[in-house]
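Undergrad: Provide a 3D model corresponding to the input given below.
(2 chains)
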2 protein chains.
Amino acid sequence: MAAPISQTCAAVERSIRERVPPLLTDLYQFTMAYAYWRSGRHNEPAVFELFFRSNPFGGGFSLFSGLHDCLLFMRSFHFTEEDVEYLRSVLPPGSDPGFFSFLRELDCSGVTLRSVPEGTVVFARVPLMEVSGPLAVVQLLETSLLCLVNYASLVCSNAARFRLAAGSRRKLLEMGLRRAQGPDGGLTASRYTHIGGFDLTSNVLAGYLFGIPVAGTMAHSYVTSFCSLEEVWPQSLAPANGDCDSADPVDLVSLSRGWLGRVCELLGVEPSGIREGELAAFLSYAIAYPRNFLPVIDSYSVGSSGLVNFCAVALSLCELQYKPLGVRLDSGDLCRQSVEVRRAFRACSDHFSIPAFQSLVIVGTNNISEHSIQELNEKENEIDVVGVGTHLVTCTRQPSLGCVYKLVEVRGSPRMKVSEDPEKSTMPGSKAVYRLLDSQGHPFLDLLCLCEESPPQVGVAIRCHPLGQGQEAGAVTVTPAQVASLRQDVFTQGQITHPLRSAAEVRESVQSALRTLLPQHKRLQDPEAYTVAVSEKLYTVFTEVRRGDASNRNGSKILLAI
Amino acid sequence: MAAPISQTCAAVERSIRERVPPLLTDLYQFTMAYAYWRSGRHNEPAVFELFFRSNPFGGGFSLFSGLHDCLLFMRSFHFTEEDVEYLRSVLPPGSDPGFFSFLRELDCSGVTLRSVPEGTVVFARVPLMEVSGPLAVVQLLETSLLCLVNYASLVCSNAARFRLAAGSRRKLLEMGLRRAQGPDGGLTASRYTHIGGFDLTSNVLAGYLFGIPVAGTMAHSYVTSFCSLEEVWPQSLAPANGDCDSADPVDLVSLSRGWLGRVCELLGVEPSGIREGELAAFLSYAIAYPRNFLPVIDSYSVGSSGLVNFCAVALSLCELQYKPLGVRLDSGDLCRQSVEVRRAFRACSDHFSIPAFQSLVIVGTNNISEHSIQELNEKENEIDVVGVGTHLVTCTRQPSLGCVYKLVEVRGSPRMKVSEDPEKSTMPGSKAVYRLLDSQGHPFLDLLCLCEESPPQVGVAIRCHPLGQGQEAGAVTVTPAQVASLRQDVFTQGQITHPLRSAAEVRESVQSALRTLLPQHKRLQDPEAYTVAVSEKLYTVFTEVRRGDASNRNGSKILLAI
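TA: Now for the predicted structure:
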């Protein structure tokens, strides 16, 4: 189903250049860049960190996504002549023309990105990306990187929750494009919900660009577009048996009318409620795609019309050696209806000795939320595939992750924002990030250290300060059975230094990472908080910088004499 | 601030082709198109309607937006060779090759779009767009049109609510790009929140493409990037008086240190709490942009540092005949802080006889919601400009409008979906839509009629059936003082037939339309429902088609004999 990989990569990169031109940012990035340039500070080495402050959806974890697009964005980052001329028109009059020459030459060749890999299970307050390079350039990247990571990570995490709620058995279909927040919101959703655990998408472009399996058969409009059996053309279908290509076509309309009578009798359905147009629509579709017959059966009434029309056409297909796929339910009480539909399928299978009717698929698609997926585990139902749109792609429960991008170091000296809200304070300095695992391989603590500190050692106790609760909680001592470095260099000197992986590969690693996460952190409601802590040394720097100590380490010393 | 219009239009059209290629749709559009084509029905004349089922955010109205992009999308709608090859790979094997030749030739030259104008005040259940043309083509347009209208209308309506909550005096700045649902979500939000009533955006690309005024000065990172006054370079600034270009530059650092002492004394601020780096940042920015000085003053502490640093630099600018603009507050209790800041400005103005300090602007930007904007009307505050991000662009309260696209007519005969949910039933037949106004020019009822009915007459009583309450409410009789036809032909024979208007023009008409809407429909909470009704004749068709009467008018007649 995937397009050739090389073609896809080129198309994805082109699409990023088109979707995220460097003007797609906040004006203040340019006014700041100008002020840095004007004071000769634009090339000072600076470090920014990207993180979020709380796990989304009241959950205990998140999935980090969007890195792939960030890398393509950074690789192609440059301003066109048109861009620069527009900026000249909106920056305050009198801006030094030399700045615009500087912009024309700008690219990411001086920028290094260290990042947790795409699809990593991550937690609030852990710096996921560290962007270092010339102050003006890394500042200019802020809005675009946030925009690319924020929604991708959010919707990927949302998908993972739907997957956890659904269990591994049921297939999940993403179908949110029409309700997404803009065309790109739809495309991003299709891509990252697949990574988060969805099996299929309705979005054709996502199939084309990312190789995600696509699915879909018909809408109500197809059904209601038919009025009578006279509209079915051709009316006949050749049997499927591969042996004889020249098997004579059979009149499917007559065949189905015959089956319809028997099905009505078997299921006790009044023929007077059956819609002829619906039967015509099913027949027409079955003749066009006899191997892909999966109609929507509630355009009029499931019990009085859609179900028996489906059975009649599907039984006819079976008679011609085709295998019908199943039905879709799109309104009303999906659980109750699926049980009734399944009962009818079993009755047909038994009564007419049609084994194919035992394995028909029932797809449910009606305003499905995480909550309604959880209900499927509690209420009797026969739904095999769930299609999810609005609640998945718009992330109804929490439509933004709230990632931030904060300056932590300039010229080797740590910086922080103190802020009126303690929650908005940042953790100063460039850091190393380690994940500590227990003897069963379960992660239990993420540790932020200063870069110059030696890494935690397996089997050696470490004293550290858990974050949260006002960043003032007491110290704890932990002993890791394994230690993993959480981030890797992925971009340096203008080049992507780590192989880009396909959506399918990332999806696979996401699901295996989620399996190692302890159940208490995966609980959808009231999860146990995963511990994120800072080393003793980092904690000391934090305290010093916050106080504004006039030491070498300070972020902005107190102005002692005025 | 706007780019030349011609350049902008071309860029917008290019951006739509890139953002909304015809593969950005649901797979079932193609399987249905195939089945129509296979049975020779693809060119049957069909009519679809686009509408939403309830007004968003618990409000009494919505704004219709996205038409502009729909028109550009339709004008450039065609499949590339690459698109067709991909479709061949994902449609069921054995699909007739002739279908792919058909796709290659496809465009919108046979499609007619009647639509309410961009920015119209609209209500639930009113068909906003009527798309008519060859069945397979108008079916293929579904997902893209929904995607383009859904979010644009939602975020525009959200912006209108923020505007209503804020009143007309306060300026509103949209700054949601980093939290938007994807890059395009951010761009769409900037455009349609401007139309809905926002004055400014931080989004540079939105300024470039749509001519929206852009704004922004600095982030906390700019402030925290400075550590000491030694980093300020150049340290001097020439006075502003236009007369003498060669006026000698003045050492702004020394000047500000002098002012800082006086301000601390006046405001009773302890010099020991002042951050030197913050002062350096303010000075550096003021020297770069002396006419655009509006720093963020809460990177450390407003009261102990940011406010006095601002006053010192701003007073220095005033001394050199520049006019500082104001400050931004980004955390904590914005109302309380704005009052304290204003008091300090007034004290400086009075004590130092600086009239410019009477008109400084206070910008507030901290997780602003519709609710917090309403609070500004109730709590004492001095905030002049409000910057809104997350809650505006992600539409936290209701992140999807839920527009649908329903088939209402094929070959001149009305169609409807009956559905298990009465709410999901549709109103059959191609329609005319009229807005009835009272003698003061206030709209009071939208009337849906059959196309062949004569329009309602001014001063003549009409009997009609209000929709809602199960579409079964009793008939009412109304007499309009004015009648307006709500929709117009905007696309026919492949061409846009109505002039595209700029964002500024649409914004103007939105605001004047909102002024004519009665206050009870504009109330943000518990508004009075606006009446949408169907004519007697349309009501009769609805009843007949729902029953499945075997008359000429039926959508899908009952299968009488099986």
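Undergrad: any weak-confidence spans in chain A?
TA: The model of chain A has pLDDT under 70 over residues A:1-8, A:242-246, A:419-420, A:422, A:469-473, A:548-562.
Undergrad: domain parsing for it?
TA: Structurally, chain A divides into domains by automatic domain parsing as follows: A:5-159+A:401-430+A:488-524, A:165-393.
Undergrad: and the last one, how far out from the chain middle?
TA: It refers to domain A:165-393. 26 Å (C-alpha atoms, centre = their mean, to the nearest Å).
Undergrad: and if you look at the first one?
TA: Counting by C-alpha atoms, centre = their mean, domain A:5-159+A:401-430+A:488-524 is centred 17 Å from the centre of its parent chain.
Undergrad: rewinding a little: among the domains of chain A, which is nearest residue B:318?
TA: domain A:5-159+A:401-430+A:488-524 (17.7 Å; C-beta to C-beta). C-beta here means a position set from N, CA and C on the backbone, and glycine is covered the same way.
Undergrad: follow-up on the earlier one: make CSV from the domains of chain A and add mean neighbour count to it.
TA: Converted to CSV, these look like this (neighbours: other C-beta atoms under 10 Å in any protein chain shown):
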stretch, mean neighbour count
domain A:5-159+A:401-430+A:488-524, 20
domain A:165-393, 21
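Undergrad: ok, which of the ones you listed comes nearest residue B:546?
TA: Comparing those by C-beta to C-beta, domain A:165-393 comes nearest, at 9.4 Å.
Undergrad: the closest one: end-to-end distance?
TA: End-to-end distance for domain A:165-393, by C-alpha to C-alpha, to the nearest Å: 16 Å.
Undergrad: ok and the residue in the stretch 201-350 of chain A nearest chain B?
TA: residue A:277 (2.7 Å; C-beta to the nearest C-beta).
Undergrad: pretty sure that residue belongs to a helix, no?
TA: Yes - Residue A:277: assigned to a helix according to DSSP: H, G, I helix; E, B strand; the rest coil.
Undergrad: what bridges to residue A:492?
TA: residue A:495 (DSSP bridges).
Undergrad: list the contacts of it.
TA: By C-beta atoms under 8 Å, 6 or more residues apart in numbering or on different chains, the residues touching residue A:492 are A:111, A:112, A:113.
Undergrad: distance check, the first one against residue A:28.
TA: The one in question is residue A:111. Taking C-beta to C-beta, to the nearest Å as the measure, residue A:111 falls 20 Å from residue A:28.
Undergrad: helix, strand or coil for residue A:15?
TA: helix.
Undergrad: which residue comes closest to it once chain neighbours are left out?
TA: Leaving aside its sequence neighbours, residue A:15 sits nearest to residue A:209 (C-beta to C-beta, 6 or more residues apart in numbering or on different chains; 6.8 Å).
Undergrad: now swap in residue A:18 and tell me
TA: residue B:18 (4.2 Å).
Undergrad: now that neighbour: which helix or strand?
TA: According to DSSP states H and E, residue B:18 maps onto helix B:5-19.
Undergrad: for residue A:525, same thing?
TA: Judged by DSSP H and E, residue A:525 forms part of no helix or strand.
Undergrad: what sits against it?
TA: residue A:58.
Undergrad: helices along the stretch 201-350 of chain A, start to end?
TA: Along the stretch 201-350 of chain A, the stretches classed as helices by DSSP state H, counting those that start in this stretch are A:204-210, A:220-224, A:252-267, A:276-288, A:307-319, A:334-352.
Undergrad: out of those helices, which comes closest to residue B:233?
TA: Closest to residue B:233 of the helices of the stretch 201-350 of chain A is helix A:204-210 (C-beta to C-beta; 47.3 Å).
Undergrad: within range of chain B, give me the residues from the stretch 401-550 of chain A.
TA: A:402-403, A:405-407, A:410, A:413, A:415-421, A:424, A:548 (C-beta under 8 Å from any C-beta of the partner chain).
Undergrad: closest to residue B:314 out of those residues?
TA: residue A:420 (20.6 Å).
Undergrad: for residue A:502, which non-adjacent residue is spatially closest?
TA: Nearest one to residue A:502, counting by C-beta to C-beta, 6+ apart, is residue A:211 at 6.1 Å.
Undergrad: for residue B:153, see how far away the one you found is.
TA: 33 Å.
Undergrad: am I right that residue A:108 is in a strand?
TA: No - if the criterion is three-state DSSP, then residue A:108 is coil and not within a strand.
Undergrad: could I have the CA atoms of the helix holding residue B:18 written out in CSV?
TA: The C-alpha coordinates for helix B:5-19 follow below in CSV (Å, rounded to 0.1, in the frame of the first residue of the first chain):
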residue,chain,number,x,y,z
ILE,B,5,-2.4,42.3,-3.2
SER,B,6,-1.6,40.5,-6.4
GLN,B,7,1.4,38.8,-5.0
THR,B,8,-0.6,37.8,-1.9
CYS,B,9,-3.4,36.3,-3.9
ALA,B,10,-1.1,34.1,-5.9
ALA,B,11,0.7,33.0,-2.8
VAL,B,12,-2.6,32.1,-1.1
GLU,B,13,-3.7,30.1,-4.1
ARG,B,14,-0.4,28.3,-4.3
SER,B,15,-0.6,27.6,-0.6
ILE,B,16,-4.1,26.0,-1.0
ARG,B,17,-2.9,23.8,-3.8
GLU,B,18,-0.1,22.7,-1.6
ARG,B,19,-2.1,22.3,1.6
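Undergrad: after that helix, which helix or strand is next?
TA: helix B:27-38.
Undergrad: all helices of the stretch 451-562 of chain A, in order?
TA: Using DSSP H, counting those that start in this stretch, helices in the stretch 451-562 of chain A cover A:503-516, A:519-522, A:536-547.
Undergrad: mind putting these into JSON lines with distance to residue A:176?
TA: JSON lines is the format used below for the helices of the stretch 451-562 of chain A (distance: least, C-beta to C-beta, whole Å):
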{"stretch": "helix A:503-516", "distance to residue A:176": "16"}
{"stretch": "helix A:519-522", "distance to residue A:176": "24"}
{"stretch": "helix A:536-547", "distance to residue A:176": "41"}
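Undergrad: wait, the residue nearest to residue A:18 touches residue A:11, no?
TA: No - using C-beta atoms under 8 Å, residue B:18 is not in contact with residue A:11; the gap is 11.2 Å.
Undergrad: distance-wise, check residue A:223 relative to residue A:217.
TA: 11 Å.
Undergrad: which helix or strand contains the residue lying closest to residue A:335 once chain neighbours are set aside?
TA: Among residues not flanking residue A:335 along the chain, residue A:381 sits closest, at 3.8 Å (C-beta to C-beta, 6+ apart). Assessed by DSSP H and E, residue A:381 sits outside every helix and strand.
Undergrad: and stretch A:397-414, end to end?
TA: 36 Å.
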